[in-house]
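Asks: sequence first, then the predicted structure, then my questions.
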Amino acid sequence: MSFFKQYIAKNFSNFTFFYSVVRSRLLVVISLAILTGLLDSIGLTMFLPLLQMSDGSSNVDLGNLNFINDFLNYFNIKLTIFKSLIILVFVFSLKAYIVYKSGVYRVRTQQILTKKIRMNIVNEFPTFSYQKFVSADQGKIQNIFLGELSRLNNTYTNYVLMIQGAILIIIYMLFSFVVDWKFALLVCIGGYVSNLVFNRINKLTKEKSKNISLVNNAFANILIQYVSNFKYLKATGEILNYRDKVEESIDYVQHEALQISILNNKVTAFREPLLIFIIALVIAVQVYFFDARISLIMVSLLFFYRALIGIVNVQASYNTTISNQGAIDNILDFYKEMQNNKEKIGKKEYLGFKNEICIRDLYFSYNQTPILNNINLAIPKNKTVAFVGESGSGKTTLVNLLIGLLKPKSGELLLDNVNLLDYNQFSYQKKLGYISQEPTVFNDTIYNNITFWAPKTPENIKKFNQAIQRASIQHFINALPDKEEAMLGNNGINLSGGQRQRISIARELFKDAEILILDEATSALDSETEKQIQESIDNLHGDRTIIIIAHRLSTIKNADIIYQLDKGQLIAKGSFSEVIENSESFKRMVLLQEL
Ligand SMILES: Nc1ncnc2c1ncn2[C@@H]1O[C@H](COP(=O)(O)OP(=O)(O)O)[C@@H](O)[C@H]1O
Ligand SMILES: [Mg+2]
């Protein structure tokens with residue numbers, strides 16, 4: 001039994017996958033195919049009386065298909081050449097209509113499939129663990145979002161064509177069995193032999209297909225970096241070396257694609273002569289060994305021919321299906337990865353905190369390597385708190401834990417004594433403002449960048465103007481020809497590092513973030529710009545909770561509490577002057593920076 005289950009699971013995994021997404025629609029597709037096959041077969045059967053009557057014989061003998069004649073007789077219809085022709089035209093017109101309808105239905109089902117899968121992946125993305133995302137293959141993820149989904153379309157279309165084709169073949173076979181079983185048996189044997197031949201090639205194609213997904217992922221990765229590291233690559237002349245790498249990768253992708261299409265072409269080219277050979281053989285057997293009526297042979301041949309064309313089509317669809325199989329596997333793998341690394345969402349709605357954020361006995365590690373150890377600290381509401389320490393001491397990791405991007409391995413993060421994990425983290429994160437060293441800029445207008453696509457109501461415009469004023473960017477924006485409608489990012493205006501940072505700050509001010517987190521937000525800026533931004537942030541002092549990580553200690557001079565980290569441990573805390581007194585290393589840092 002379990003073997004049987006496995007067999008089904010293996011051979012029908014695509015069916016179960018598609019069925020799980022489009023459900024009963026797949027059954028409608030199948031029903032329409034059955035209807036098409038029946039109509040086609042009845043139409044073909046009409047050639048039998050036609051051939052017999054054109055022979056001059058007046059009595060019609062449909063052999064085992066006489067039930068069709070009986071059915072017509074029941075309605076007092078006696079078959080004549082004319083009536084047969086009318087039925088023929090009617091049946092084939094009806095069939096054409098069904099074929100047309102089922103074609104449209106197939107495309108609609110395919111759209112539903114794509115949409116559902118896209119939506120599923122897009123929907124899972126927000127809860128995808130940040131820790132997993134950072135170590136995931138970004139090229140692969142982009143390839144899934146962009147490339148693999150269109151390959152999936154292709155797979156589905158061909159899979160359905162394959163099922164429809166298979167149903168047609170079965171119906172033709174049934175009819176030709178009824179007309180002349182010996183003949184049908186020969187066709188079966190012929191079809192089986194041709195299938196054996198193609199199975200071997202199909203196996204090869206399947207393996208190649210898996211490989212092509214891997215190759216495409218790697219290619220996407222290389223290209224993304226070619227574009228995103230453009231400046232560095234160009235500035236250092238390394239772009240020429242990197243270009244060679246990209247070119248190599250292009251060649252490799254093409255090579256693999258060519259291999260798979262060579263296989264496909266071989267199969268296509270080889271198929272027809274093989275089938276004609278089988279037909280010839282069957283006719284020879286029919287003529288030399290069995291003495292069948294010529295009209296029966298003719299009609300059987302029609303069925304036979306249809307069935308063989310069907311086999312060819314099914315094999316072609318099957319081949320395309322498996323050459324795109326890698327896409328399904330890739331998408332499913334990623335989907336599973338997202339589900340296995342899904343963040344648990346707490347139930348409590350976060351409405352703000354009253355007194356303090358408290359970190360208790362916090363421990364965090366990356367793959368057994370301790371990064372933060374035994375951290376105990378408090379962040380009082382509306383105070384400015386700074387983290388200092390050498391690069392690699394764990395400041396960013398600590399902030400990532402505070403944001404809820406990472407989860408503590410042990411210990412707790414408490415907001416007024418409620419564990420952060422108990423909250424719906426989205427409701428918490430919505431109250432956070434986050435600015436890092438690389439400001440986030442979307443390819444859109446300044447207004448949309450700052451308001452996150454808020455509608456342009458008078459109220460929002462007022463808030464927007466306040467935000468840009470407090471971030472000291474209003475003069476820059478108002479001097480632009482398009483003002484706040486100017487485009488940023490690709491194909492938009494180029495901003496200096498300081499301007500970008502101010503846009504980011506304005507965004508968080510517009511958002512009215514309760515907790516503002518700045519992780520080396522001003523480290524990349526010149527001291528004059530930093531001073532200006534510092535003033536904007538100082539303006540918020542006491543007005544909301546601010547968490548600052550900064551390299552230049554001048555930035556944090558006014559912080560209410562400074563926490564010094566060293567190799568993942570908290571080694572000093574207090575006001576600026578207190579920490580100077582208590583920590584030799586901090587004192588050295590201050591002296592070095594000549595404050
Ligand atoms: N995704 C990661 N996987 C493994 N180790 C990491 C990862 N991110 C950071 N680390 C390590 O954690 C330590 C602390 O990093 P980080 O918090 O970024 O330091 P800081 O911000 O103080 O410079 C570093 O030793 C760094 O190598
Ligand atoms: Mg850092």
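Replies: Received the coordinates, thanks. This is a predicted model, so every value here is computed, not measured. Ligands and ions are numbered 1, 2, ... in the order given.

Asks: ok so residue 414 is a strand residue?
Replies: Yes - applying DSSP: H, G, I helix; E, B strand; the rest coil, one finds residue 414 inside a strand.

Asks: which residues sit in contact with the closest residue to it other than its chain neighbours?
Replies: Spatial nearest neighbour of residue 414, excluding adjacent residues (C-beta to C-beta, 6 or more residues apart in numbering): residue 358 at 4.4 Å. Bear in mind the C-beta positions are built from the backbone N, C-alpha and C, glycine included. Taking C-beta atoms under 8 Å, 6 or more residues apart in numbering, we find residue 358 in contact with 377-379, 413-415, 417.

Asks: need the residues of this structure near ligand 1, please.
Replies: 134, 366, 371, 389, 391-397 (C-beta under 6 Å from any ligand atom).

Asks: ok, 8 Å please
Replies: Counting by C-beta under 8 Å from any ligand atom, the chain comes close to ligand 1 at 131, 134-135, 366-367, 369, 371, 387, 389-400, 519-520, 549, 565, 568.

Asks: drop anything exposed from the residues you listed.
Replies: Taking 16 or more other C-beta atoms under 10 Å as the criterion, what is buried in these is 371, 387, 389, 393-400, 519-520, 549, 565, 568.

Asks: what packs against the helix ranked longest in the chain?
Replies: Determined from DSSP state H, the single longest helix within the chain is helix 238-289. With contacts taken as 3 or more C-beta pairs under 8 Å, 6 or more residues apart in numbering; DSSP states H and E, helix 238-289 sits against helix 181-228, helix 230-235, helix 294-323.

Asks: in CSV: the ones you listed, plus mean neighbour count.
Replies: Shown next, in CSV, are those (neighbours: other C-beta atoms under 10 Å):
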stretch, mean neighbour count
helix 181-228, 17
helix 230-235, 12
helix 294-323, 21
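
Asks: mean pLDDT added to these, as a markdown table?
Replies: Shown next, in a markdown table, are those (pLDDT from 0 to 100):
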| stretch | mean pLDDT |
| --- | --- |
| helix 181-228 | 77 |
| helix 230-235 | 82 |
| helix 294-323 | 78 |
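
Asks: where does pLDDT dip in this structure?
Replies: 1-11, 55-63, 187, 291-294, 490-492, 594-595 (pLDDT under 70).

Asks: report the central residue of it.
Replies: residue 145 (3.5 Å; C-alpha atoms, centre = their mean).

Asks: mind checking how far it is from ligand 1?
Replies: Going from residue 145 to ligand 1 by C-beta to the nearest ligand atom, to the nearest Å gives 22 Å.

Asks: part of a helix, is that residue?
Replies: Yes - assessed with three-state DSSP, residue 145 lies in a helix.

Asks: so what's the residue count around the nearest residue to it once chain neighbours are set aside?
Replies: Counting by C-beta to C-beta, 6+ apart, the nearest residue to residue 145 once its immediate chain neighbours are dropped is residue 121, at 7.2 Å. Counted with other C-beta atoms under 10 Å, residues neighbouring residue 121 total 19.

Asks: and residue 494, by the same measure?
Replies: Applying other C-beta under 10 Å, we find 8 residues neighbouring residue 494.

Asks: again, but for residue 122
Replies: So residue 122, with other C-beta under 10 Å, has 10 neighbours.

Asks: could you list every residue that touches the residue of the stretch 401-550 of the chain found nearest ligand 1?
Replies: Minimum separation of the stretch 401-550 of the chain from ligand 1 (C-beta to the nearest ligand atom) falls at residue 549, amounting to 6.8 Å. Listed by C-beta under 8 Å, 6+ apart, the contact set of residue 549 reads 386-388, 395-396, 399, 518-520.

Asks: farthest-separated two in those?
Replies: Greatest spatial distance among the contacts of residue 549 (C-beta to C-beta): 386 and 396, at 13.8 Å.

Asks: roughly how far is stretch 276-292 from the heart of the chain?
Replies: Remark: stretch 276-292 is offset 52 Å from the chain centroid, using C-alpha atoms, centre = their mean, to the nearest Å.

Asks: got it, and stretch 472-485?
Replies: 37 Å.

Asks: quick check: end-to-end length of it?
Replies: 18 Å (C-alpha to C-alpha, to the nearest Å).

Asks: assign the residue nearest to residue 460 when sequence neighbours are not counted to helix, strand or coil.
Replies: Nearest residue to residue 460, sequence neighbours excluded (C-beta to C-beta, 6+ apart): residue 454, at 4.8 Å. Judged by three-state DSSP, the three-state class of residue 454 is coil.

Asks: okay, now residue 454: neighbour count?
Replies: Around residue 454 there are 16 other residues, counting by other C-beta under 10 Å.

Asks: how about the helices in the stretch 51-200 of the chain?
Replies: Along the stretch 51-200 of the chain, the segments classed as helices by DSSP state H, counting those that start in this stretch run 66-74, 81-124, 130-135, 138-143, 149-179, 181-228.

Asks: domain parsing of this structure, as residue ranges.
Replies: 13-340, 356-592 (automatic domain parsing).

Asks: okay, the ones you listed in TSV with distance to residue 346 next?
Replies: Below are the domains of the chain laid out as TSV (distance: least, C-beta to C-beta, whole Å):
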stretch	distance to residue 346
domain 13-340	12
domain 356-592	5
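
Asks: what's in contact with stretch 418-438?
Replies: Contact with stretch 418-438 is made by 126, 343-352, 403-404, 407, 412-415, 501, 504-505, 507-509, 511, 513-521, 523-524, as judged by C-beta under 8 Å, 6+ apart.

Asks: please pick the buried ones from those residues.
Replies: Buried among the contacts of stretch 418-438 (16+ other C-beta under 10 Å): 343, 346, 350, 403-404, 407, 413-415, 501, 504-505, 507-509, 511, 513-521, 524.

Asks: among these, name the ones in helices.
Replies: Short answer: the buried ones among the contacts of stretch 418-438 in helices (DSSP H) are 403, 501, 504-505, 507-509, 511.

Asks: paired strands for the one helix or strand residue 563 maps to, with orientation please.
Replies: Counting by DSSP states H and E, the element that carries residue 563 is strand 561-566. Applying DSSP bridges, strand 561-566 is found paired with strand 384-388 (parallel), strand 569-574 (antiparallel).

Asks: how long is stretch 397-411 from one end to the other?
Replies: Using C-alpha to C-alpha, the two ends of stretch 397-411 sit 15 Å apart.

Asks: what's next to that stretch, contact-wise?
Replies: Contacts of stretch 397-411 (C-beta under 8 Å, 6+ apart): 130-131, 357, 359-365, 371-372, 375, 379, 387, 413, 420-421, 425, 428-429, 432, 434, 517, 519, 547, 549, 565.

Asks: fine by me, thanks again.
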